[in-house]
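# coords below, sequence missing:
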Ligand code: IPM
Ligand code: MN
């Protein structure tokens, strides 16, 4: 089959890790007889340097015409001035909003061979396997009013955590659908004891639950969820939450997997269902790590696993996706580690070596 894919490497280590993910994709194409046509575009700081905009019309159009988008990372100290008119992150946010990518899936799976690479006790994290469904185009990130202004008493600023019932309903449905394919339990995370938007969230979740009598719905307050993630993460399976809560909780959750460099993500424009290809953008959850850019030491696994998610959700190629995931597992099993997941007795490798090892495993199957 033939697919057209947009590739936006972005800033910092973005180009380093996307190069390895593309290496793996090329091997997938060869092995399974597909054709992937890659088109490259600019987003983030590098786009600002070229055009003054973090996301240009051309790049957006290119993404709209593709079946899926692969993104590295955006941002860096060069563009970090709080006074700046345009920031690299604006490009990513504009992409998510303009492409209608409301459903951000962030799976957190602890690989058995990495249980000793984290700060937590192995018995707490062994077997951890859950998935966050983060709402991605609403809440504090986009709600109006959103501004900073001067008053006689000094400066003030406001962001708005705004949600419509339609926005809540569609994301909660993603949670229920995923729960159906897993343990049939859904945890909806909110702050309904304080926030009005959370009270609406909870009401809508309860209403949508009527369509899913086979799924058990539990509400969890976001502060309790932050605690539970560390105290007993094995309890969790499918969680659905609003944008900012999801942003914060998934960085926390990444520490269970040993490193930010291990966690992939999919941002989808629809509800994932087996056998249906949905447009999506795929990126590691980590940032641009500017100090590591071009150093050949970053962990490309999060991006490679993001490509596996792309194969599964946007290209409807589950076998190919599984092959990539298995290759990652086997390379880790053989003891290869980038610096962020390194432990005694293991073999330290760089970004390119890790990409090569995984690509070779895919080819070998
Ligand atoms: C993420 C990132 C982004 C976010 C930034 C880069 C805008 O932290 O994808 O989690 O806050 O959503
Ligand atoms: Mn984040």
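Good, I have the coordinates. This structure is a prediction, so every number in the text was calculated from the model and none was measured. Residues are numbered from 1 along each chain as shown. Ligands and ions are numbered 1, 2, ... in the order given.
# from the stretch 101-250 of the chain, which residue is nearest to ligand 1?
Closest residue of the stretch 101-250 of the chain to ligand 1, C-beta to the nearest ligand atom: residue 247 (4.6 Å). Using the backbone N, CA and C atoms, a C-beta is placed for each residue, glycine as well.
# ok, and the closest non-adjacent residue to that residue?
Leaving aside its chain neighbours, residue 247 sits nearest to residue 134 (6.9 Å; criterion: C-beta to C-beta, 6 or more residues apart in numbering).
# then residue 318?
Leaving aside its sequence neighbours, residue 318 sits nearest to residue 312 (C-beta to C-beta, 6+ apart; 5.5 Å).
# hang on, that neighbour is in a strand, isn't it?
No. Looking at residue 312 with DSSP: H, G, I helix; E, B strand; the rest coil, it is helix, so not inside a strand.
# the residue nearest to residue 247 in helix, strand or coil?
Looking at residue 134 with three-state DSSP, the answer is strand.
# how close does it sit to residue 229?
As judged by C-beta to C-beta, to the nearest Å, residue 134 and residue 229 stand 14 Å apart.
# so for the two, which sits in the more crowded spot?
Comparing residue 134 with residue 229 by neighbour count (other C-beta atoms under 10 Å), the higher total belongs to residue 134, at 28 against 22.
# residue 286 in helix, strand or coil?
Looking at residue 286 with three-state DSSP, the answer is coil.
# for ligand 1, what's its nearest residue on the stretch 1-150 of the chain.
residue 89 (3.9 Å).
# for that residue, give me its contacts.
If you count contacts by C-beta atoms under 8 Å, 6 or more residues apart in numbering, residue 89 has them with 44, 54, 74, 75.
# helix or strand: which one has it?
Assessed by DSSP states H and E, residue 89 sits inside helix 88-98.
# and the next helix-or-strand element following that helix, what does it pack onto?
Once helix 88-98 ends, the next helix or strand along the chain (criterion: DSSP H and E) is strand 103-109. Where contact means 3 or more C-beta pairs under 8 Å, 6 or more residues apart in numbering; DSSP states H and E, strand 103-109 is packed against strand 129-135, helix 165-181, helix 243-254, strand 264-268, helix 301-313.
# which of these is buried the deepest?
helix 301-313 (a mean of 27; mean count of other C-beta atoms under 10 Å).
# and for the very next helix or strand once past that one, what are the contacting residues?
Using DSSP H and E, the helix or strand that follows helix 301-313 in sequence is helix 318-333. Contact with helix 318-333 is made by 24, 28, 31-32, 34, 111, 113-114, 301, 304-305, 307-309, 311-312, 354, 357-359, 361-362, 365, as judged by C-beta under 8 Å, 6+ apart.
# inside strands: which ones of the contacts of residue 89?
When DSSP state E is applied, the contacts of residue 89 are split such that none fall in strands.
# could I get those as a markdown table with distance to residue 119 and pLDDT?
Listed next are the contacts of residue 89 as a markdown table, based on distance: C-beta to C-beta, whole Å; pLDDT from 0 to 100:
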| residue | distance to residue 119 | pLDDT |
| --- | --- | --- |
| 44 | 30 | 98 |
| 54 | 35 | 98 |
| 74 | 28 | 98 |
| 75 | 25 | 97 |
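# any chance of the residues you listed in TSV, with distance to ligand 1 and neighbour count too?
Below are the contacts of residue 89 laid out as TSV (distance: C-beta to the nearest ligand atom, whole Å; neighbours: other C-beta atoms under 10 Å):
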residue	distance to ligand 1	neighbour count
44	9	30
54	11	26
74	6	31
75	6	23
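# out of these, which one sits closest to residue 180?
Checking the contacts of residue 89 against residue 180 by C-beta to C-beta gives residue 74 as the nearest, at 33.8 Å.
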